[in-house]
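Participant: Take this sequence and fold it.
(2 chains)
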Amino acid sequence: MLCTPVEHQISRRQFMGAAGGSALSLGGLVTPAVAEKLRKERRQVLFVWLDGGMSQLESWDPKPNTPFGGPFRSIQTTVPGIQISELMPQSAKLMKHLAIVRSVSTQDNSHSAGVDRINRGDPKNRGVVYPFFGSAVSKLVGNNDSGLPSYIWVKPLSGGFIYKDAGFLGPKYGALALGDGKPPENLLRPKEIAPEDDDERNELRKLLDSKYAAERRKEFTEANTHAFEMAAQLQKKIELFDLSKLPQKDQDRYGTHDLGRHMLLARRLLEEGVTFVKVTSYGWDTHGDHFNGAASLHPKFDRPFAAIIEDMRDRGMLDNVLVIACAEFGRTPRINGHIGRDHWPEAWSVCMAGRGIKGGVVAGKTNDKGTEVTSDPVDIGGLFHTWYKALGIDPKEVEFRNGGQPLPIAHEEMKPVTEVLA
Amino acid sequence: MPRLLLSFAVAVTFSPLARAAEPLHVRIDAVIETKAKAENASLAAPADDAEFLRRVYLDFAGTIPTVAVTKAFLADTATDKRTKVIDSLLSNPSYATRMADLFHVAFMERLGENADWTKYLRESFAKNKPYDQMVREMLRADSKDADTVGAAFWISKRLENYGQNPVDYSALTRDVGRLFLGKNFQCCECHDHLFIDDYKQQHFQGLHTFFKNTYLVNPAKMIVAEKPTIEKHPFASVFTKVQMATGPSLPGMMMIDIPMFAKGMEFETPPNKKTNEPGVPKFSTLAKISEQLPTAKNTDFTRNAVNRIWFAVMGRGLVHPLDLHHGRNPASHPEVLAMLADEFAANKFDMKWLLRELALTTTYQRSSVVQAGKDAPDSRLFAVALEKRLSADQLLTAMLTATGNDPKAADTLRPKFLKAFANQPREPEDEIAPSLKGALFVLHDSAVLELVVTKPGNLVERTAKLDDAAATDELYLTVLTRKPTADERAAVAKVLAKHPEKRAEAIGRVAWALLASMEFGVNH
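Facilitator: Numbers count the residues shown, from 1 in each chain, chains lettered A, B, ... in the order given. Below you'll find the model as predicted:
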């Protein structure tokens, strides 16, 4: 059975008492206490995807002064005994909010297979295409009444609605991708159409559609309704995309590079209540000239990552938002002939923070050279268990249904990394 | 009594001798109906004339009927009028344009466009070239033959490389399997398929051996050349690491012997270093595959062909997904698949014959309306007609037909419609996928909004002159190929009454709502 999201249970019961049975809007009708409770129960995810594979050795699991350690030092974080790479100074200051798993060991060392496998949690094959984590969370947690789609993907290059992410859950759990953080093309109503005329024509369209949908199969009609509803929702939120209205100080702290701007947009989306925000950064596949690459790349991640954690801490949002920084694999300890690091799924690191996560913790370890995991290896299925637990979703009790077929939400033979759970 | 009926139907269906004289469409219907009854699925009523007409026009002419055609068809009392319209559409020039679009989308999967390719497809369909011959010409990729040069695009586009990336031979091999044999051997490049027992690494590698020595000499002229294939292609499973080798071979067929030639004697025409003219090897693997793959005895080929055509007409493959024919994914109606495949081959791969038989089935001519108060039956039963996606070209052409605007506008609008409604390269357009991008395009893009602005002779101008009731009837019949219901008449009348001063604009908004509706956006 699918779980009913917690906030819905609360709202049913408490609205009846507090708001006289009228629960249409969270705006004026709810008492501050109930609103506060609802806000606290809100579950959200920020998923930062470092496409191509970030080096664990220049970030979360440095091995200075070893054969494969590279030129960078490690620095002390604000948590005694935990050191990370000197390329991550801002994150080091926030270590008490971060949890690092250094014993990640996954299966695929090709991008094409790795990206899919990690994002889908690599469940056992049951002849169905599993959803990406974002689609899964938007199904399991639902929409937080943000007036926005529940799964938004901020990425460089092109955007669009990426329904393939949803796998068997069906197109409406796909990702709305905002290419370069910009609103989708044609979002704004042309000036020639007056608002009342727009309403008039859309009323007629909806009348036609409800007649058509009433006597047809659901697959197409539901997905089509969803696309038009999303269009209507986004039009109301156009101001979200205008970051220039935010204080200059914010823009300086996050940086004006792609990932900086996109993380700042992610914060705005999370503030609005979007359930799952994925931010992708490309260019981490440093097979050559890796160390110059890392010296430039890692701070570009470190700065906005620390800024968004800080901002969410200050706003009390870390109680709601699970933060994950992940990639399809790490990078080889061995340095290749092009002074590069190649793909290394065998031993790499993932960093988390926020909802359900115990800060200031390192779980698992690798050997001296960083080539192998020396504690219990954690595959992506184990990380999915960890993330679901952090969100208060127990994979033992909650399952997907695909038609009549029950499907576990995470690989049933794997376990969460309990050390990082609050 | 029902039991008696059922056993009667079963007896009839499975007695091929009694049925052999019946036309194919009658035998198809018998199987479909028997199975639906056995599964307790209620069959939808026949589509009414309007629903049928719209469907058959979109399928075989690539657009909706004009309002004049619709009125004439609805008024026609002849009992064979459906058969007549099917026959007339199959012999109309728009048939070739529509089929070229269908095949372009299915076989190029939006990898790119090419004028010679389009011309080749249109000419082939115009003269009803047998399907096996088309596939032979695509696989032969002979750019020297002026009549078939366009066919070379299928391979030449896949031999292009992008930026620093090498030519994706694996994808070419995979596409041959998927699109011509209905089998996706992608996972078999490195090992036998882990979950599909029927798919072996040998299948992928045997197919790959036909293409590994091909290369692109000139992308613009689509000149594909071959280096001589002189030895078997070595491969090893990543699991067993056992060294294997294969000559060119098709799944389920004999491996082709690679002839031995003395060094320097491999070429029929040696490469010309001065003119850069590529050589022609005596042993051409492209010649071999084009001879061996598209044949009546290759059941992978015949079954995939009819399954894809069935999908295009009926909205779902008998085998679905279309590229996963294997033992554990049987056809929903194995008898139908076998009949279609055998008889398509026996009829010399005559496309028009096959399409005509499918269009004549009761199955095709059923309504897509689901019985009130009931869940839709399993789509695998074909008990209720399935909605079909409109390609970007179908949608554009249908919008131009509906709004009575200059068909020449298609040239400038086409790139915008492709951007809004076509899938990304390599994503098959095999399901209806409404998108935010498409919704916003219909809502706000001038490409659509301009169509419902009054212009001399267009729909909006024409209907604005009529009274409310007549205007509403005309708008519905023209855009949706049906008459409005009483509720719809009232709703439109209410809108029009509000804007006596700006009637044409109000009519334009009504026309827009019809264009933007779900009902217009699919082939139902």
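Participant: what about residue 354, neighbour count?
Facilitator: Assuming you mean chain A. Each residue near A:Gly354 was counted by other C-beta atoms under 10 Å in any protein chain shown, and the total is 25. All C-beta atoms are positioned from the backbone trio N, CA, C, and that covers glycine.
Participant: actually chain B
Facilitator: With other C-beta under 10 Å as criterion, B:Leu354 counts 21.
Participant: do you know how far it is from B:Asp473?
Facilitator: Distance, B:Leu354 to B:Asp473, by C-beta to C-beta, to the nearest Å: 37 Å.
Participant: for A:Gly260, same thing?
Facilitator: When A:Gly260 is compared with B:Asp473 (using C-beta to C-beta), they lie 58 Å apart.
Participant: Who has more neighbours out of the two?
Facilitator: Ranked by neighbour count (other C-beta under 10 Å), A:Gly260 and B:Asp473 place A:Gly260 first, with 23 against 17.
Participant: can you tell me the helix or strand for that one?
Facilitator: Using DSSP states H and E, A:Gly260 sits within helix A:258-272.
Participant: which residues does B:Arg414 contact?
Facilitator: Each residue near B:Arg414 by C-beta atoms under 8 Å, 6 or more residues apart in numbering or on different chains is listed here: B:Ala392, B:Asp393, B:Leu396.
Participant: pLDDT score assigned to it?
Facilitator: What the model reports as pLDDT for B:Arg414 is 98.
Participant: Please identify which helix or strand holds it.
Facilitator: Secondary structure assigned from DSSP H and E places B:Arg414 in helix B:409-421.
Participant: Check A:Val45 too.
Facilitator: With DSSP H and E as criterion, A:Val45 is part of strand A:44-50.
Participant: quick one: contacts of that strand?
Facilitator: A:133-134, A:137, A:141, A:144, A:263, A:266, A:270, A:273-281, A:284, A:301, A:305, A:308, A:317, A:320-327, A:354-355, A:387, A:391.
Participant: Wondering if stretch B:325-334 reaches chain A at all.
Facilitator: No - Stretch B:325-334 stays clear of chain A (C-beta under 8 Å from any C-beta of the partner chain), getting no nearer than 9.0 Å.
Participant: Just the buried residues of that stretch, please?
Facilitator: B:His325, B:His326, B:Ala331, B:Ser332, B:His333 (16 or more other C-beta atoms under 10 Å in any protein chain shown).
Participant: Contact partners for the closest residue in space to B:Gln292 that isn't next to it in sequence?
Facilitator: Excluding the flanking residues, the one nearest B:Gln292 by C-beta to C-beta, 6 or more residues apart in numbering or on different chains is B:Leu250, at 5.8 Å. By C-beta under 8 Å, 6+ apart, the contact set of B:Leu250 is B:Leu181, B:Gly206, B:Leu207, B:Ile289, B:Gln292, B:Leu293, B:Asn298, B:Asp300.
Participant: doesn't B:Leu250 fall inside a strand?
Facilitator: No - using DSSP: H, G, I helix; E, B strand; the rest coil, the secondary structure at B:Leu250 is coil, not a strand.
Participant: how near is it to chain A?
Facilitator: To chain A, B:Leu250 is 26 Å away according to C-beta to the nearest C-beta, to the nearest Å.
Participant: same question, B:Asp430
Facilitator: 13 Å.
Participant: can you pull the contacts of that residue?
Facilitator: Listed by C-beta under 8 Å, 6+ apart, the contact partners of B:Asp430 are B:Phe311, B:Pro321, B:Leu322.
Participant: Which ones among these map onto helices?
Facilitator: Secondary structure defined by DSSP state H assigns B:Phe311 of those to helices.
Participant: Output the helix holding B:Arg414 as PDB, nothing but the C-alphas.
Facilitator: Provided in PDB are the C-alpha atoms of helix B:409-421 (Å, rounded to 0.1, in the frame of the first residue of the first chain):
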ATOM      1  CA  ALA B 409       2.300  28.700 -44.600                       C
ATOM      2  CA  ALA B 410       3.400  25.100 -43.700                       C
ATOM      3  CA  ASP B 411       6.900  25.800 -44.900                       C
ATOM      4  CA  THR B 412       7.500  28.600 -42.400                       C
ATOM      5  CA  LEU B 413       5.500  27.100 -39.600                       C
ATOM      6  CA  ARG B 414       7.000  23.600 -39.800                       C
ATOM      7  CA  PRO B 415      10.300  24.200 -37.900                       C
ATOM      8  CA  LYS B 416       8.300  25.700 -35.100                       C
ATOM      9  CA  PHE B 417       5.900  22.800 -34.900                       C
ATOM     10  CA  LEU B 418       8.700  20.300 -35.000                       C
ATOM     11  CA  LYS B 419      10.400  22.100 -32.100                       C
ATOM     12  CA  ALA B 420       7.200  22.000 -30.100                       C
ATOM     13  CA  PHE B 421       5.900  18.500 -30.900                       C
END
